[in-house]
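Student: The following block contains a protein sequence and its predicted model.
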Amino acid sequence: MSLKFQSPTGMHDLFQEDWNYFDKVKKTCQNMADSYEFDRIETPILEDTAIFEKGTGLNTDIVEKEMYSLTSRGGDRLTLRPEGTPGIVRSYIQHGMQSLSKPVKLWYFGPFFRHERPQAGRFRQFYQFGFESLGVSDPIIDAEIIQIFYNILKDLGFKNLLVEINSIGDSQCRGYFRKSLMSYLRSRQSGLCSDCKRRIKKNPLRILDCKEEKCQRIKKGAPQIVDHLCKECHDHFKNLLEYLDEKGLPYSLNPYLVRGLDYYTKTVFEIYEDSEEGKQIGALAGGGRYDDLVRMLGGKPTPACGAASGVERVVNLLKARSKKAGLKAKERTSEVFLAQVGEIAKKKSLKLFEEFREAGIKVGEALHRDSLSAQLKAADKMDVKYVLILGQKEAIDDQIIIREMKSGNQYVTELSKAVQEIKKKIKK
Ligand code: HAM
């Protein structure tokens, strides 16, 4: 019986075509990070399990059902990071970033792991990019974070973006709201899904986020947290909306948006693509303020705000769109191709290839092929402007043929001048 190994469920191999898109997303993030002065950070993929239990929250789906956790040989409880924020906060505290000038602005791009039921836009290993701003409580920061994610998605070509915003208050106003929500939900308990029945006591706010149809119906009549905000949270939200109006950033209020992580305070938001595919795939980005998280993980009380976006979701929509428009992802581009005939030429080609690479000129090759016509075919496929031919005679004489593909004109030059000649031609 032969074994057929498969990648783990919900985890995918990423090929060149995927990386063309991933790199584009990353570059767009990098540009945005440069404009808004965020520094790159990459935290370990494994973290102490307790930072997610304490940070993300014991009663969240992520911690209850979705973490890949292990006990190391040394007895440490570790978890493959299901999200980035607790790790960033751990690093902020560990490296004394509290003493840096505020806000401390950090961004990241990397893989995350959640044992979810795989479906459209939901994987068990997925990439996120995230931006976190720590140390400032002013809602101008919340506006900046929303703007950054909106800009990145716009720059990637998304046109119909839907920004949904809500405020879920802080520990003061939420206590009162929780009570009134619980009494509303208790009276309708029998109509809720089994998960939500359980949530009433432990995490009633999450019921507002449940996607089950029967829970959605009950949600529609539920009390709204915005009506229960204390003065500070109310003013924060009002100022944020004024900043967004001032920026001309379109948004809509969603009084039932609560998000599935426990650390949020005040602002929460999500960004969707307003299309059939977009709705199926789910939120492209989500985040909010988390003013208590640094304290909860052992640091000094520090206000903070941030968000993250799922790269596969973004990429899948970009791919679907370019397919519709008949576009193909960018192909490899070389302007020059190096062909060789014979053993001496093959060996000399290796050095010449390195010389071109050092000069910053990308050269196509098919060094594994011996026949010239097969190599020229490959050059044709790559649509290069020039082919360098190192034949047996040329290799012995330390010479090389340069052929211009369009005209078919060719001439012989010294091998040592090949890089210089091509440089002149393609104006490097
Ligand atoms: P989140 O909403 O859990 O927030 O995830 C952020 C984004 O990651 C989602 O909007 C979605 O695009 C993507 N995502 C989440 N789960 C999956 C999955 N299983 N497969 C594919 N994509 C997924 C957070 O992770 C917070 N750390 C965001 C944050 C940063 N809040 C404050 N700072």
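Tutor: Yep, that arrived.
Student: Over to G364: give its phi and psi.
Tutor: Torsion angles at G364 (phi, psi; degrees, to the nearest 10) stand at phi -80, psi 150.
Student: I'd say it and D380 touch.
Tutor: No: using Cβ atoms under 8 Å, G364 makes no contact with D380, being 10.6 Å away. The way it works is simple: take the backbone N, C-alpha and C, and place the C-beta from them, glycine included.
Student: Mind checking which of these two has more residues around it?
Tutor: With neighbours defined as other Cβ atoms under 10 Å, G364 and D380 compare such that G364 has more, 20 against 12.
Student: Quick check: the gap between the more buried one and K385.
Tutor: Distance of G364 to K385, given as Cβ to Cβ, to the nearest Å: 11 Å.
Student: what do you get for E47?
Tutor: For E47, the distance to K385 - Cβ to Cβ - is 50 Å.
Student: Show me which of the two is the more surrounded one.
Tutor: Using other Cβ under 10 Å as the criterion, E47 and K385 rank with E47 on top: 20 against 15.
Student: can you list residues touching both of G364 and K385?
Tutor: V336 (Cβ atoms under 8 Å, 6 or more residues apart in numbering).
Student: Quick check: residues of the stretch 301-428 of the chain near the ligand?
Tutor: With Cβ under 6 Å from any ligand atom as the criterion, the stretch 301-428 of the chain meets the ligand at residues G306, A307, A308, S309, G310, E312, R313.
Student: G286 is in contact with the third one, correct?
Tutor: The reference is to A308. Yes: counting by Cβ under 8 Å, G286 is a contact partner of A308 at 6.9 Å.
Student: interface residues of this protein facing the ligand?
Tutor: Within the chain, the positions near the ligand by Cβ under 6 Å from any ligand atom are 83-85, 114, 116, 121-123, 126, 128, 130, 132, 261, 283-288, 290, 306-310, 312-313.
Student: Can you flag which of those residues belong to strands?
Tutor: If you go by DSSP state E, the residues of the chain next to the ligand have 126, 128, 130, 132, 285-288, 306-310 in strands.
Student: contacting residues for F109?
Tutor: Contacts for F109 were tallied using Cβ under 8 Å, 6+ apart; they are K26, C29, E42, Y127, Q128, F129, G130, V311.
Student: just S275 next, same as before
Tutor: N160.
Student: Help me confirm that K154 comes into contact with V163.
Tutor: No: K154 is beyond contact range of V163, at 11.1 Å (criterion: Cβ under 8 Å).
Student: So those two - more neighbours on which side?
Tutor: V163 (20 against 13).
Student: Is the more buried one within a helix or a strand, and which one?
Tutor: Here V163 sits within strand 161-167, counting by DSSP states H and E.
Student: can you list contacts of that strand?
Tutor: Contact with strand 161-167 is made by 146, 150, 153-154, 225-226, 229, 233-234, 236-237, 240-241, 244, 249-258, 266-274, 284, as judged by Cβ under 8 Å, 6+ apart.
Student: With stretch 293-305 instead?
Tutor: By Cβ under 8 Å, 6+ apart, stretch 293-305 touches 51, 54-55, 85-86, 89-90, 92-93, 98, 132-137, 141-142, 145, 263, 267, 287-292.
Student: how much space is there between L100 and A374?
Tutor: For L100, the distance to A374 - Cβ to Cβ - is 59 Å.
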